[in-house]
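Enquirer: kindly generate the corresponding structure for this input.
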Amino acid sequence: MGRAVTRTLLNYLLLILLVALISGIGIKDYQFYRADMEFSLLPSAERTVIEANASSMGMDPYDYYMNFVAPKDYPTLVMNPLHAGLYTLHHALFRPDYDYPIPRKLMVARTLVLIPLAEITIILIGFPLAKLALRKRRLRSTVRFLARVFNGLPVWAVAALFSLLIIMSALPNYLINGLGTSTSPTRTLAYMAFPLVSIVLVALWEFVEALVILLRDEFGKEYVRAKRAMGLPERRIERHVLRAVMPSFLGFLFQHFVEVSTLALVVDAFFGLFGLGKMLQWGFRISGDLYTLDPDVFFYPIAVFMVVNFFVLLAVTVLSELLTPGGGGVEA
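Expert: Residues are numbered from 1 along each chain as shown. Sure, this is the predicted structure:
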């Protein structure tokens with residue numbers, strides 16, 4: 001198990017470095033864009049001082065400004081992309097310079113409640129549905145069809161349909177007007193109902209289809225036929241099969257968790273749940289030819305999800321190793 005955990009740690013470290021490198025390239029480009037714009041708008045008095053200092057050092061005023069003046073406001077300008085990315089992610093997570101209209105912890109809590117709620121709901125519905133689909137071919141075909149339909153249907157389209165339903169029905173309009181700073185548990189859970197249903201409706205069918213394929217392959221193996229020939233009860237055979245597929249299922253479940261997290265960000269921004277999806281909207285804004293990127297706001301959700309996904313992946317790896325035959329688990 002130690003080898004598997006070490007491999008997971010190394011893989012995730014490489015992922016962090018890759019994300020940091022891409023983030024660093026983006027933030028350096030943006031800060032160069034901002035510094036270049038500010039240089040072109042410098043008041044004449046400041047420009048005169050910069051030109052005098054640059055001349056005394058034998059430098060072009062623009063190069064002097066980018067190397068010695070702009071880094072005071074944009075420190076990543078003088079860093080390499082990897083360093084800039086790691087600096088930005090660390091700064092966004094631990095030392096953000098941003099006045100949030102809603103407490104940051106509340107925004108994180110809302111997102112981290114919605115995602116497990118959606119995943120647990122999908123599991124609770126998906127397992128019985130997959131077992132039923134194994135016995136009924138028509139249901140299996142229906143699940144496959146719905147998986148294809150919702151794979152091609154963006155979650156915001158489903159959210160839009162639910163929004164129209166709320167507007168045209170007697171349901172309270174506050175369900176789509178934005179949750180704001182409300183800390184009422186009842187109001188928060190009521191507001192999460194339609195975002196939750198939107199995620200489940202889109203993500204359920206792919207989950208069930210993958211589970212059906214996994215279980216069908218396992219039920220077709222020789223040891224299952226041998227256990228049936230021995231006259232073991234079907235329920236006991238099912239328990240053996242579930243134990244056998246659990247390591248593979250946990251690997252799939254982690255991938256599905258990441259997909260559900262992405263869907264949660266979209267419906268959060270669409271319904272105005274004011275979670276991490278809304279934070280991403282605040283962090284990156286485009287207006288005509290101008291765009292604004294606030295690193296502490298935009299990269300904070302990325303940093304949070306990297307931390308959360310790391311612990312989820314670590315838990316999945318440990319459980320998979322424990323449940324794998326020969327790894328401390330139970331033989332199928």
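
Enquirer: buried residues in stretch 140-149?
Expert: The neighbour-count check on stretch 140-149 (16 or more other Cβ atoms under 10 Å) flags Arg140, Val143, Arg144, Leu146, Ala147 as buried. The way it works is simple: take the backbone N, C-alpha and C, and place the C-beta from them, glycine included.

Enquirer: pull the residues that contact that stretch.
Expert: Leu129, Ala133, Leu134, Trp205, Glu206, Val208, Glu209, Val212 (Cβ atoms under 8 Å, 6 or more residues apart in numbering).

Enquirer: let me see the contact set for the third one.
Expert: When you say that, I think you mean Leu134. Leu134 neighbours (Cβ under 8 Å, 6+ apart): Arg140, Val212, Leu215, Arg216, Phe219.

Enquirer: mind listing what's buried in the host helix or strand of Pro116?
Expert: Using DSSP states H and E, Pro116 sits within helix 104-135. By 16+ other Cβ under 10 Å, the buried positions in helix 104-135 come out as 106-108, 110-115, 117-119, 121-122, 126-127, 129-130, 133-134.

Enquirer: pull the CA coordinates from the next helix or strand after that helix and hand them back as CSV.
Expert: Next in sequence after helix 104-135, counting helices and strands by DSSP H and E, comes helix 137-151. Output of helix 137-151 as CSV, limited to C-alpha atoms (Å, rounded to 0.1, in the frame of the first residue of the first chain):
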residue,chain,number,x,y,z
ARG,A,137,-32.3,-5.3,-21.1
ARG,A,138,-34.8,-2.6,-22.0
LEU,A,139,-33.8,-0.5,-19.0
ARG,A,140,-30.2,-1.0,-19.9
SER,A,141,-30.8,0.4,-23.4
THR,A,142,-32.7,3.3,-21.8
VAL,A,143,-29.8,4.1,-19.5
ARG,A,144,-27.4,3.9,-22.4
PHE,A,145,-29.6,6.3,-24.4
LEU,A,146,-30.0,8.8,-21.5
ALA,A,147,-26.2,8.7,-20.9
ARG,A,148,-25.6,9.7,-24.5
VAL,A,149,-28.3,12.5,-24.4
PHE,A,150,-27.0,14.1,-21.2
ASN,A,151,-23.4,13.7,-22.1
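
Enquirer: I'd like the next helix or strand past helix 137-151.
Expert: The helix or strand immediately downstream of helix 137-151 is helix 155-168, counting by DSSP H and E.

Enquirer: can you give the distance of the very next helix or strand once past that following helix from its chain's centre?
Expert: Note on helix 155-168: by DSSP H and E, the next helix or strand toward the C-terminus is helix 185-219. Put simply, helix 185-219 sits 16 Å off its chain's centre (Cα atoms, centre = their mean, to the nearest Å).

Enquirer: in whichever helix or strand comes after helix 185-219, what's buried?
Expert: Next helix or strand after helix 185-219 toward the C-terminus (DSSP H and E): helix 222-229. Within helix 222-229, the residues that qualify as buried are Val224, Lys227, counting by 16+ other Cβ under 10 Å.

Enquirer: before we move on, what about stretch 304-321?
Expert: Neighbour-count burial for stretch 304-321 flags 304-306, 308-310, 312-313, 316-318, 320-321 (criterion: 16+ other Cβ under 10 Å).

Enquirer: repeat that for stretch 242-257.
Expert: For stretch 242-257, by 16+ other Cβ under 10 Å, it's 242-250, 252-254, 256-257.

Enquirer: narrow these to those in helices?
Expert: Applying DSSP state H to the buried residues of stretch 242-257, the entries found in helices are 242-250, 252-254, 256-257.

Enquirer: out of the residues you listed, who's nearest Gly26?
Expert: Gly26 lies nearest to Phe257 out of those, by Cβ to Cβ, at 25.4 Å.

Enquirer: thanks a lot, catch you later.
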